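Engineer: Requesting a structural model of the entry that follows:
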Amino acid sequence: MVGHRKPTLADVARVAEVSPATASKALNGRLDVAATTRERVLAAVAELGYRAGTAPVPGTARRALAVVFDLPASPYILNVLQGVLASATDAHLDLLTRLAPDRATRTQHATARAWIADQRSAGAVGIVGLTLSEPDGLLAAAADAGLPFVMVDPVDAQHRPMVSVRSSNWAGARTAAEHLIALGHRRIAWIGGPDASASARDRFYGYRAALESAGIDPDPELVRSDRFDVDAGARHARDLLTLASPPTAIMAADDEIAVGVLATAHRLGVQVPRHVSVVGFDDTPQAAWTTPALTTVRQDLDGMGRLAVHTILALSSEERPRSRHIELATSLTVRDTTGPAPAPAEERSRADS
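Structural biologist: Numbers count the residues shown, from 1 in each chain. Below you'll find the predicted structure:
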C-alpha cells in the first residue's frame with residue numbers, strides 16, 4: 001500500500017512484478033516489452049493512480065512516426081507515402097508529415113538538433129526521409145539523440161551510419177535500355193535527373209552499361225540531365241526531337257520527365273512509338289493513363305515506404321538491420337510507348353516533313 005503519498009514508478013513496478021526499468025520502457029511505448037508485461041504495468045498504473053509528472057497519462061500517450069520531404073507534390077512521394085501510412089497505421093503510430101527545414105539552415109548543427117528535438121517532443125519514435133536533399137545534419141542530430149532515421153531513395157547523403165531503402169536503379173535502367181536495343185534502336189537518348197542525385201546517376205550508368213554491352217557508343221549529344229519534372233522533360237525533348245539526326249528512342253529518368261517528353265512529341269507531330277519510343281522510370285499510376293500508355297521501369301514505391309517503417313520499428317527496438325542499405329528489385333512494365341525502331345526511309349520521311 002502507498003497510503004496517501006503520491007505513487008512512484010517503483011510502486012508501479014512492484015505491483016506489476018517487473019523492474020523499474022521495464023516499467024519505464026512499457027510506459028514509454030518501447031517495442032522490446034512483451035504485450036502481457038505492458039498490460040500488467042498499465043493495470044498497475046490504473047490501480048495506483050500513477051501520474052508521471054507532467055508527462056501524458058500513462059497508457060494514453062500516442063506514439064508517432066515523422067516523415068519528412070522537400071517536395072510533397074511529387075507523384076513519386078505520394079506513392080511512397082501511401083506505403084508509409086499503411087504500415088504506420090498497422091503499427092498504431094500517428095503519422096506526422098513534415099517539410100524539411102530550409103536548405104540554407106538544415107546543415108547548421110543547432111537547427112538540425114532543434115528540429116530533431118521537436119519531432120521527439122511530438123512523440124516520434126523514428127523519422128523517415130523521402131528523397132531528402134542535404135540530410136546529413138538531420139541524420140547526425142538524430143543519431144546523437146538516439147532517434148532512428150531511415151532514408152528512402154537517398155539523394156546526396158554522405159552520412160556513413162545512414163540506413164536507407166531504395167530500388168535497384170542501375171539494373172532497372174539497364175533492363176529498359178536492353179528492351180529498346182532488342183527493338184532495333186541504336187540512337188537512344190537519355191534525359192536524367194539532377195547530377196547530385198545518386199538514383200539519377202545509377203540509372204544513367206545502367207543505361208550506359210546496356211549501350212556499351214551492345215557495342216553502341218553513347219552519343220554525348222543525346223544525353224541531358226535536369227530536374228525530375230514534366231517541364232524538364234518537355235524542354236529537352238524539344239531539343240532532341242528537332243536535331244538533324246534525332247533519336248529513335250528516349251529514356252527518361254522518371255515518369256514525370258517521360259510525361260513531358262510525350263507532350264512535346266504530340267505538339268511536334270512526332271508519333272509515339274512509330275517515330276520515337278519513350279520509356280519512363282517509377283511506374284506511378286499516371287503512367288498507365290498517358291496517351292499512349294507509358295512503358296516504364298516499375299519500382300515498388302508502396303513497398304519501399306512499408307519497409308522503411310518496418311526498419312524504423314526494428315531500430316527502435318534496438319534490433320540491428322540485416323543491411324544498412326536495402327535495395328528492392330525493379331521490373332519493366334511494357335505498355336504502348338515502345339515499338340520497333342523506324343526504318344531509315346521512315347526516319348528520312350519524318351525529317352523532311
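
Engineer: Quick one: residues contacting Ser74.
Structural biologist: Ser74 sits next to 131, 228, 256 when contact means Cβ atoms under 8 Å, 6 or more residues apart in numbering. The C-beta positions use only the backbone N, C-alpha and C, and glycine is treated the same way.

Engineer: Filter those residues down to the buried ones.
Structural biologist: 131, 228, 256 (16 or more other Cβ atoms under 10 Å).

Engineer: So Ser245: helix, strand or coil?
Structural biologist: coil (DSSP: H, G, I helix; E, B strand; the rest coil).

Engineer: Gly269: which of the buried ones among the contacts of Ser74 is nearest?
Structural biologist: Comparing the buried ones among the contacts of Ser74 against Gly269 with Cβ to Cβ places Glu256 closest, at 22.8 Å.

Engineer: Count the neighbours of Arg103 for me.
Structural biologist: Neighbourhood size, Arg103 [other Cβ atoms under 10 Å]: 10.

Engineer: and it, what pLDDT?
Structural biologist: In this model, Arg103 is scored at 78, pLDDT.

Engineer: Without its sequence neighbours, what residue ends up closest to it?
Structural biologist: Leaving aside its chain neighbours, Arg103 sits nearest to Glu134 (5.8 Å; criterion: Cβ to Cβ, 6 or more residues apart in numbering).

Engineer: Just to check, the one you found is in contact with Gln108?
Structural biologist: No - the criterion here is Cβ atoms under 8 Å, and Glu134 misses it with Gln108 at 11.1 Å.

Engineer: and the two? which has more neighbours close in?
Structural biologist: Glu134 (18 against 13).

Engineer: what's the more buried one in contact with, if anything?
Structural biologist: Going by Cβ under 8 Å, 6+ apart, Glu134 touches 103, 106-107, 155-156.

Engineer: what do you get for Arg103?
Structural biologist: With Cβ under 8 Å, 6+ apart, Arg103 has these contacts: 70, 133-134.

Engineer: The residue nearest to Val15 when sequence neighbours are not counted: neighbouring residues, count only.
Structural biologist: In this structure, Val15 finds its nearest non-sequential neighbour in Ala44, 3.9 Å apart by Cβ to Cβ, 6+ apart. Counted with other Cβ under 10 Å, the neighbours of Ala44 add up to 22.

Engineer: do Ile188 as well
Structural biologist: Here the number of neighbours of Ile188 (other Cβ under 10 Å) works out to 26.

Engineer: how close does it get to Ser164?
Structural biologist: Applying Cβ to Cβ, to the nearest Å, the value for Ile188 to Ser164 is 29 Å.

Engineer: Please apply the same query to Pro292.
Structural biologist: From Pro292 to Ser164 the distance is 35 Å (Cβ to Cβ).

Engineer: same question, Arg63
Structural biologist: On the measure of Cβ to Cβ, Arg63 and Ser164 end up 23 Å apart.

Engineer: neighbour-wise, which of the two wins?
Structural biologist: Taking other Cβ under 10 Å, Arg63 and Ser164 do not tie; Ser164 has more neighbours (21 against 18).

Engineer: In the stretch 201-350 of the chain, mark out all the strands, start to finish.
Structural biologist: Secondary structure of the stretch 201-350 of the chain (DSSP state E, counting those that start in this stretch): strands at 223-225, 249-252, 277-282, 295-298, 325-328, 331-333.

Engineer: Please look at Thr296 and Val259 and confirm they touch.
Structural biologist: No - contact criterion Cβ under 8 Å: Thr296 and Val259 do not qualify, at 10.4 Å.

Engineer: Which one's more surrounded, the two?
Structural biologist: Per other Cβ under 10 Å, whichever of Thr296 and Val259 has more neighbours is Thr296, with 29 against 24.

Engineer: hey, what's that one bridged with?
Structural biologist: Legend: beta-bridge partners of Thr296 under DSSP bridges are Gly280, Thr333.

Engineer: Distance check, it against Pro342.
Structural biologist: To Pro342, Thr296 is 21 Å away according to Cβ to Cβ.

Engineer: so what are the domain limits for the protein?
Structural biologist: Annotated domains of the chain cover 1-61, 64-167+301-327, 169-299+333-352 [automatic domain parsing].

Engineer: how distant is the second one from the center of its chain?
Structural biologist: Computed by Cα atoms, centre = their mean, to the nearest Å, the chain-centroid distance of domain 64-167+301-327 equals 10 Å.

Engineer: and the end-to-end length of it?
Structural biologist: Terminal residues of domain 64-167+301-327 are spaced 25 Å apart (Cα to Cα, to the nearest Å).

Engineer: low pLDDT regions in this structure?
Structural biologist: Applying pLDDT under 70 to the chain flags the ranges 1-5, 25-32, 50-61, 72, 157-159, 345-353.

Engineer: Geometric centre of it: which residue is closest?
Structural biologist: Computing the C-alpha centroid of the chain and ranking residues by Cα atoms, centre = their mean puts Val152 first, at 3.7 Å.

Engineer: correct me, but that residue touches Val163?
Structural biologist: No - using Cβ under 8 Å, Val152 is not in contact with Val163; the gap is 10.4 Å.

Engineer: and which of the buried ones among the contacts of Ser74 is nearest to Ser323?
Structural biologist: Closest to Ser323, out of all of the buried ones among the contacts of Ser74 and judged by Cβ to Cβ, is Thr131, at 19.7 Å.
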